[in-house]
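Participant: Predicted model, plus sequence, below.
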Number of protein chains: 2
Amino acid sequence: MVIGICKEPEGENRVSCLPDVVRQLVQLGQEVWIVSGAGERAYASDADYKAVGAHLADEKEVCQRADMLCRMHFPEDDALIAEAREKTIWVGMYQPLYHAAEMQKMANRGMTVCSLDAIPRTTRAQSMDVLSSQANIAGYKAVILAAAHYPHYFPMLMTAAGSIQPAKVLVLGAGVAGLQAIATARRLGAVVEAFDTRPAVKEEVMSLGAKFIEVEGAADPSAAGGYAVEQSADYQRRQKEKIAATIAKADIVITTAQIPGKRAPLLVTREMVESMRAGSVIVDLAASTGGNTELTRNGETIVHHGVTIIGNSNLPSTVPADASKLYGRNLLHFLQLLISKDGRLQFNFEDDIVSAACVVYEGKIRDTRILQTVQQA
Amino acid sequence: MVIGICKEPEGENRVSCLPDVVRQLVQLGQEVWIVSGAGERAYASDADYKAVGAHLADEKEVCQRADMLCRMHFPEDDALIAEAREKTIWVGMYQPLYHAAEMQKMANRGMTVCSLDAIPRTTRAQSMDVLSSQANIAGYKAVILAAAHYPHYFPMLMTAAGSIQPAKVLVLGAGVAGLQAIATARRLGAVVEAFDTRPAVKEEVMSLGAKFIEVEGAADPSAAGGYAVEQSADYQRRQKEKIAATIAKADIVITTAQIPGKRAPLLVTREMVESMRAGSVIVDLAASTGGNTELTRNGETIVHHGVTIIGNSNLPSTVPADASKLYGRNLLHFLQLLISKDGRLQFNFEDDIVSAACVVYEGKIRDTRILQTVQQA
């Protein structure tokens, strides 16, 4: 099989495969073509790729040669799709539930789409879990960015001229990103509180040295595969009061709350922002799905009443070397399910991982939720 | 006495006194006037100052009223000096040894200059040690900035998709800034090595969990009041070889080496930078005195062969709230030496701290090294 590695769009610094993964693909008997310069922003040069056996070409040639194209971001540019061969297999992170129309477009051209963010979050799939590997980086970088913007120290400091109190950090949403944010803020010496609607995460939060903020009567999320679910109006009111009281005392707020296929829950209102001390910092990782903060602007850093609000859902792109490294390993583990011992491609839909990831197969949408969305449109 | 607090120049976010210090000056019987907006970039509003008893006015009025003007940065603008009263006492951090001509200018107008960075670094003077309080912040922020620019994680990470090695940090110069950089990098999970020509700091470096790089035969610095001294050519050659070997393996280099009154020692050559991995980061805190890195440009962030070089000697300005807080406390402790019990000003030159800080007194340069420089010019 010929595997092509695309250059990601402007503003994205990651690349699907670093040279280390390419070497392993070549060892698996694959022919790898990469768009010249694709790894540059992740600090991998064309020479590095050549050294491990990749072929270099421009985007057009890579598209025309490849049976499979690896591109993290969905090809928004129709010309790029037109350049690809019929029956091309696209592999990336495409949020297919949000992008039903785009999936239909691929299906119309007879193509196949594997979206790694659709892989079930089971134990066996952990090594392919791109949502986890990238959210982990987002949580880490959110705290580093907050510290870079915050006009005070994070750690407590005792000096001859007096002492400095540690920063108070509040993390909303204790999934992978939230837990890594807690761990990083604790490393830097901050006092950390965390909130999540799922009582099951309380122990993890506490084991990282943070205080868990409890609101009674949350909806049972156990049927949602570990994701958060929507909550009752009464719960939301009490949650809002508790969060408001905590935010007023917080210096840093990191928000990570997302619900798959829905707008991100609005947790931080304008009034809450205005209750914070001037110089405080909010990092909203849910910016691209509407934001957890009323004032967030996606992709922008704004200052409101002295409070800096960083709206960025693509922080992994700002840690491109390790983000690409982990993504590439996730991808490799997934491709190992598709590549037979003799190096040929096979789609075994009895494998729940392959079945969930492959949302479009040879011109047919396989995912029923996407089909419904397409039919309703 | 009337104490005026100036607004610092463009690009400086700190202010000499936050409201907390102003309150204490008022309690000491002083009349405090502050330039409107002076505290804004350090997150202290005019209303905050008013609430603790300060008077607000424009720069001209504050200069005309004040017996003493607190301004961290030397007033480069002659108009500002002209607005001040005869015999005004200026208090700030003026690097008087570098700025002999400016000191002469103040002397010519009959003024007095107290430069807090000239205070001896004795135990009694610790609470007034602005070099320490500000260098501490610089060391902390250098690591935060390095982490913000570094395309990898700092800490080690074990994930289902494989593990990430911790960042390797090299700190050159283990004074206050270097030690805080070591501590912060260790907090973030990095592996840290440090180098200093003073063998006495080895224990401090090791107690923070870093490895101390030793080069035999350093000149004895014990007579230099804790500062670094210049080294022999042979020592410098061996030092260079050792540093070169360490830098080639480092991901992050923080350089903090300075020698009072001299150009900063050149420790990192172009070849050494080019030996580093693409994506590595250098933060050069000695940028304003020529830089420890050959390629540093003061006040700029450049990329050379994939290595990011941040040249910034004014990082405390990027942590303006805590930097101003600590500076203000240092200043307050110093002013307490100058203000008698009945609230009046007195210069007791038998006090070694007052004597060292007061480099110009009522039109006369008191510091002999400055006098020499002026006479040689």
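Facilitator: Structure's in. What do you need? Residues are numbered from 1 along each chain as shown, chains lettered A, B, ... in the order given.

Participant: Is A:Val26 part of a helix or strand, or is it coil?
Facilitator: Of the three states, A:Val26 takes helix according to DSSP: H, G, I helix; E, B strand; the rest coil.

Participant: how near is the closest residue to it other than its chain neighbours to B:Arg237?
Facilitator: Spatial nearest neighbour of A:Val26, chain neighbours left out: A:Gly53 (4.1 Å); criterion: CB to CB, 6 or more residues apart in numbering or on different chains. C-beta coordinates here come from the backbone N, C-alpha and C atoms, glycine included. Distance of A:Gly53 to B:Arg237, given as CB to CB, to the nearest Å: 42 Å.

Participant: Comparing those two, which residue is more hemmed in?
Facilitator: A:Gly53 (15 against 12; other CB atoms under 10 Å in any protein chain shown).

Participant: Look up which helix or strand the more buried one falls in, please.
Facilitator: Under DSSP states H and E, no helix or strand contains A:Gly53.

Participant: Report the contact partners of it.
Facilitator: Counting by CB atoms under 8 Å, 6 or more residues apart in numbering or on different chains, A:Gly53 makes contact with A:Val22, A:Arg23, A:Val26, A:Val32.

Participant: any idea how far it is from A:Asp46?
Facilitator: A:Gly53 is 13 Å from A:Asp46, by CB to CB.

Participant: Tell me which helix or strand comes right after the helix or strand where A:Phe212 lies.
Facilitator: Assigned by DSSP H and E, A:Phe212 belongs to strand A:211-213. Remark: after strand A:211-213, the chain's next helix or strand is helix A:233-247, criterion DSSP H and E.

Participant: wait, does the next helix or strand after that following helix make contact with chain B?
Facilitator: Next helix or strand after helix A:233-247 toward the C-terminus (DSSP H and E): strand A:252-255. No. Residues of strand A:252-255 contacting chain B under CB under 8 Å from any CB of the partner chain: none, with a closest distance of 12.9 Å.

Participant: List the strands paired with strand A:252-255, with their directions.
Facilitator: According to DSSP bridges, strand A:252-255 has the following sheet partners: strand A:168-172 (parallel), strand A:281-284 (parallel).

Participant: In PDB, list the C-alpha atoms belonging to that strand.
Facilitator: Provided in PDB are the C-alpha atoms of strand A:252-255 (Å, rounded to 0.1, in the frame of the first residue of the first chain):
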ATOM      1  CA  ILE A 252      -6.600  31.000  37.300                       C
ATOM      2  CA  VAL A 253      -9.600  29.100  35.800                       C
ATOM      3  CA  ILE A 254      -9.000  26.300  33.200                       C
ATOM      4  CA  THR A 255     -12.200  25.100  31.600                       C
END
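
Participant: Find out how far it is from the centre of the chain, if you would.
Facilitator: From the chain centre to the centre of strand A:252-255 is a distance of 17 Å (CA atoms, centre = their mean, to the nearest Å).

Participant: And for stretch A:305-322?
Facilitator: Averaging C-alpha positions (CA atoms, centre = their mean) puts stretch A:305-322 12 Å from its chain's average.

Participant: Could you give me the buried positions within that stretch?
Facilitator: Buried residues in stretch A:305-322, defined by neighbour count with 16 or more other CB atoms under 10 Å in any protein chain shown: A:306-322.

Participant: circling back: just the closest of the contacts of A:Gly53 to chain B, please.
Facilitator: Nearest to chain B out of the contacts of A:Gly53 is A:Arg23 (CB to the nearest CB; 14.1 Å).

Participant: about what we covered before: dump the strands paired with strand A:252-255 into TSV; add mean pLDDT and mean neighbour count as well.
Facilitator: Shown next, in TSV, are the strands paired with strand A:252-255 (pLDDT from 0 to 100; neighbours: other CB atoms under 10 Å in any protein chain shown):
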stretch	mean pLDDT	mean neighbour count
strand A:168-172	98	26
strand A:281-284	98	29
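
Participant: Cross-check the contact I'm expecting between A:Val303 and A:Ile309.
Facilitator: Yes. Assessed by CB atoms under 8 Å, A:Val303 is found in contact with A:Ile309 at 7.5 Å.
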